[in-house]
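Novice: structure of the sequence below:
(one chain, ligands or ions: 1)
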Amino acid sequence: MTKSPIGGNRSGRKLGQKVKKGKLKASSRRWLERHINDPYVQRAQLEGYRARAAFKLLEIDEKHKILAGAKRIIDLGAAPGSWSQIAAKVTTSTDADPRVAAIDFLEMDPIPGVRFLQMDFLDPQAPEKLKEAIGGAPDIVMSDMAAPTTGHRQTDHIRTMHLCEVAAHFAVEVLAEGGHFLAKTFQGGTERELLNMLKQNFRQVVHVKPASSRAESVEMFLLAKGFKGRHPAATDKAAEDAAAE
Ligand SMILES: C[S@@+](CC[C@H](N)C(=O)[O-])C[C@H]1O[C@@H](n2cnc3c(N)ncnc32)[C@H](O)[C@@H]1O
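Specialist: Just a heads-up that it's a prediction; the model follows:
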């Protein structure tokens, strides 16, 4: 999703009205020009995705093959819904047999096969509600969550890193063995402690910057592949291995 400088408008309707009335500030006009000329925005419209963010997930998948065979997927920070659209397709989720659970504190238009919770993922009740909604261990927990911007770069950075950390701990709590965790992070932002925890619990941990993630953005994705499972012995051995590295 691309954030509008006029306040999180996703549909472009309000923006369109402001353009018509000639009320745009210079920064908004620059944003709009970039948005309109963005090839990923155009492709998203052509291919029926709700956001250009779809291509970040598709590019990561092209290289790292995480989606094929996934039966259940949890999507954190889902609105407006392009990742959930992909998840519903991959899992062949339907309203009668839902296999995708999604959460966002913003509204999201319904997607067939996606159980959507409009709530804050940091709400203490969110993990249980998501588990109930998905109805079984997910093969993928993916998070595109970014904290709402305050204008103070470091604060925004810390808040998004916190979301990434909470998402990682949730993934370790719910994933099926062999499952994957994907989350938005920032360049240079992933804490060593979090990386170590992921290395203990997953076979491979990498940082990815898809081409569709704007070059000027510090956004990156953290991908942890192949969840080792919640076997205490395996976890102890993994911890020893990670500590020895
Ligand atoms: C980049 S957008 C996600 C775009 C989405 N992946 C897509 O493909 O349409 C990030 C989303 O994270 C949501 N978000 C941020 N913090 C959140 C939180 N604490 N709980 C739930 N959603 C959150 C925002 O409301 C926003 O909609």
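
Novice: now for the longest helix anywhere in the chain, which elements pack on it?
Specialist: If you go by DSSP state H, the chain has its longest helix at helix 153-174. For helix 153-174, the packing partners by 3 or more Cβ pairs under 8 Å, 6 or more residues apart in numbering; DSSP states H and E come out as strand 73-76, helix 126-134, strand 140-143, strand 180-186, helix 192-201, strand 219-227. C-beta coordinates here come from the backbone N, C-alpha and C atoms, glycine included.

Novice: 6 Å instead?
Specialist: Applying 3 or more Cβ pairs under 6 Å, 6 or more residues apart in numbering; DSSP states H and E, one finds that helix 153-174 makes contact with strand 180-186, helix 192-201.

Novice: closest to the ligand out of the ones you listed?
Specialist: Among the helices and strands packed on helix 153-174, strand 180-186 comes nearest to the ligand, with 7.1 Å by Cβ to the nearest ligand atom.

Novice: angle of the closest one against helix 192-201?
Specialist: 170 degrees (axes from the mean of the first three to the mean of the last three Cα atoms, to 10 degrees).

Novice: you'd agree Val206 is in a strand?
Specialist: Yes: according to DSSP: H, G, I helix; E, B strand; the rest coil, Val206 belongs to a strand.

Novice: isn't it right next to Leu223, touching?
Specialist: Yes: between Val206 and Leu223 there is a contact at 5.3 Å, judged by Cβ atoms under 6 Å.

Novice: compare these two and say which is more crowded by neighbours.
Specialist: Leu223 (22 against 13; other Cβ atoms under 10 Å).

Novice: tell me what that one is bridged to.
Specialist: Applying DSSP bridges to Leu223 gives these bridge partners: Leu182, Val206.

Novice: ok, it - contacts?
Specialist: Applying Cβ atoms under 6 Å, 6 or more residues apart in numbering to Leu223 gives the contacts 64, 182, 206, 208.
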